[in-house]
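> Next comes the sequence, and after it the predicted model I'd like to discuss.
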Amino acid sequence: MAEDTFAWIMRMIILAGFTIQFARYMTVVTYTLQFYDWLICFSDEYQYIHKARWTSVKVAFLVCRYYPLFVYPMYVWALVGNHASSVCEEVWRPLYVLVHLMPMMSQMVFIIRTYAFTGSNKFVGVLLVSIWMVFFGIGLWILMAKYDVFLQTHKIFGNYACIVDDPALSQTKPSEVKVYRLDKMGVYSLGILLFDSVMTSMVIIHCVRFRTTWGPLGKAFIRQGLIAFVTLSSLDLLAAVVLLMPDHQKNGLAVLRTPTSCVIACRLILMFRRRADPNATSQVQDVSKMAKEALEEMERELDDSQSDHNRPIEHWD
């Protein structure tokens with residue numbers, strides 16, 4: 001029995017080290033994705049956001065774009081760096097509260113989109129905001145009341161990453177390990193997935209009832225929204241499955257959802273504003289017309305050249 005317990009402890013130590021290292025890589029990857037997306041989209045952002053008048057969508061975009069860019073480096077510092085246990089105990093609560101705001105900000109963008117597409121229905125707006133507030137409160141309560149800094153790795157390795165986990169799950173005995181872990185944040189991710197499904201269903205039902213997708217903007221709105229829904233839903237499902245897996249296997253994958261949701265929300269706003277911009281549309285049409293005219297001119301020249309080569313040789317110049 002003692003040998004089995006020792007083997008289980010060693011396995012947990014090795015698995016914890018691998019998981020934390022994997023999470024470190026994924027954290028750096030996600031911030032790189034945020035920064036790269038900001039760079040390649042800045043010209044559109046300046047054109048369609050910074051130069052535009054102030055609206056709720058503009059505010060939502062700026063918050064979704066720049067809040068993660070300034071806050072997430074602190075999370076990278078806490079997870080990638082090696083810190084004393086006393087430092088982790090002091091910083092983890094405010095840090096995780098700040099990080100928890102990121103996916104909730106992207107949710108607000110989708111709420112605004114759903115509210116606008118359903119005809120600015122006040123009942124829909126109040127309902128969605130109320131659900132959002134409930135989810136925000138539940139997520140904050142789970143982090144603050146049910147999670148704590150994971151100090152076992154500091155006892156083994158010394159200074160290490162600032163990791164948080166559910167103490168009731170991290171202290172499970174070998175004989176009590178089950179096939180799955182009832183991780184509260186995993187269940188929370190499934191709840192967010194359900195909320196996204198409700199908003200997407202509202203938009204689809206509204207389209208079916210009022211046929212608002214007949215125009216090009218309506219079709220673009222629906223197409224972009226469905227792509228975003230599928231992407232975020234896949235990330236939510238991935239996070240839920242990973243968090244509910246036994247022994248915290250590859251929990252680093254769960255960090256993908258938090259900043260990626262803000263990137264997708266910003267892309268949605270830029271794509272729709274670019275699509276709705278009459279100047280951009282006319283420019284595309286002008287370029288298409290010029291390309292068509294150039295192609296027709298090349299075909300005429302080619303036909304003339306072939307006709308010249310087909311003349312009798314005595315008529316050549």
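Arrived safely, thanks for sending.

> Residue 103: neighbour count?
By the criterion of other CB atoms under 10 Å, residue 103 has 25 neighbours. To be clear about C-beta, it is placed using only N, CA and C from the backbone, and glycine gets the same treatment.

> Now it: closest residue in space, sequence neighbours ignored.
residue 261 (4.8 Å; CB to CB, 6 or more residues apart in numbering).

> Distance check, the one you found against residue 123.
Between residue 261 and residue 123 the computed distance is 26 Å (CB to CB, to the nearest Å).

> same check, this time on residue 264
To residue 123, residue 264 is 27 Å away according to CB to CB.

> Residue 261 and residue 123: which is more packed in?
residue 261 (27 against 8).

> can you pull the contacts of the more buried one?
Contacts for residue 261 (CB atoms under 8 Å, 6 or more residues apart in numbering) come out as 102, 103, 106, 107, 232, 235.

> The same query, at a cut-off of 6 Å, please.
Residues counted as contacts of residue 261 (CB atoms under 6 Å, 6 or more residues apart in numbering) are 103, 106, 232.

> what residues are up against the second one?
The neighbourhood of residue 106, defined by CB under 6 Å, 6+ apart, consists of 64, 261, 262, 265.

> cool, the last one as well?
Contact analysis of residue 232 by CB under 6 Å, 6+ apart lists 196, 261.

> How is it assigned, secondary-structure-wise?
Classification of residue 232 by DSSP: H, G, I helix; E, B strand; the rest coil places it in helix.

> And the pLDDT for it?
Here, the pLDDT recorded for residue 232 equals 78.

> From residue 58, how far off is it?
To residue 58, residue 232 is 22 Å away according to CB to CB.

> next one: residue 196
23 Å.

> And residue 154, by the same measure?
Distance of residue 154 to residue 58, computed by CB to CB: 44 Å.

> which one of these two has more residues nearby?
Using other CB under 10 Å as the criterion, residue 154 and residue 58 rank with residue 154 on top: 22 against 16.

> Find the nearest non-adjacent residue to the more buried one, please.
Closest to residue 154 by CB to CB, 6+ apart is residue 85, at 4.2 Å.

> The stretch 151-300 of the chain: strands as residue ranges?
Taking DSSP state E, counting those that start in this stretch as the test, the strands found in the stretch 151-300 of the chain are 164-165.

> quick one: pLDDT of the nearest residue to residue 193 once chain neighbours are set aside?
In space, and not counting its chain neighbours, residue 193 is closest to residue 236: 4.0 Å by CB to CB, 6+ apart. Note on residue 236: pLDDT of 75.

> Would you agree residue 236 is in contact with residue 194?
No - with contact defined as CB atoms under 6 Å, residue 236 does not count as touching residue 194 (9.1 Å).

> These two: who's more crowded?
Counted by other CB under 10 Å, residue 236 and residue 194 do not tie: residue 236 has more neighbours, with 24 against 13.
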